[in-house]
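1. Turn this into a structure:
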Amino acid sequence: MKKSTFRSSTILKIYYLIMAASVIALIIGKERWLEGAGGTQAAMWLYYGVVIVGILILVPALVMAWFWLRRWMTTYKVEPGLQKVLLIITIPMMLVIGYMLELVFIMIFIGLGGSS
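-> Take a look at the predicted model:
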């Protein structure tokens, strides 16, 4: 394994550990909001936090998947014309997948904790 690959892999692991900690912090914030019958201002900031953390989780993952696909096509010597078409098609497809995953993340978060 190359040293730069190992370094970037470690950085990505630390990044996603930070994102996992932020998701846990959002869940704890929601639980406290539910227990204290918080106002709409607190709920708005929790929602913004969920959206921002979801984007920060999904965008790097989709970019890494796109780079992996590009590397895979060069490794297996896909024809240049087909390679260009596949890369162009995957961009909107990954954007739709990312948007749908973000909506699922929001729905799961809203469903956690139930109602008081």
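2. Tell me how far the helix or strand containing residue 52 lies from the chain's centre.
-> Taking DSSP states H and E as the definition, one finds residue 52 inside helix 40-75. A distance of 3 Å separates the centroid of the chain from that of helix 40-75, by C-alpha atoms, centre = their mean, to the nearest Å.
3. now the following helix or strand past that helix: how far from the chain's centre is it?
-> Along the chain past helix 40-75, the next helix or strand (assigned with DSSP H and E) turns out to be helix 80-111. With C-alpha atoms, centre = their mean as the basis, helix 80-111 stands 11 Å off its chain's centre.
4. May I see the buried residues of helix 80-111?
-> The neighbour-count check on helix 80-111 (16 or more other C-beta atoms under 10 Å) flags 90, 94, 98, 102, 105, 109 as buried. C-beta here means a position set from N, CA and C on the backbone, and glycine is covered the same way.
5. now swap in stretch 9-25 and tell me
-> Buried residues in stretch 9-25, counting neighbours by 16+ other C-beta under 10 Å, are found at 19, 22-23.
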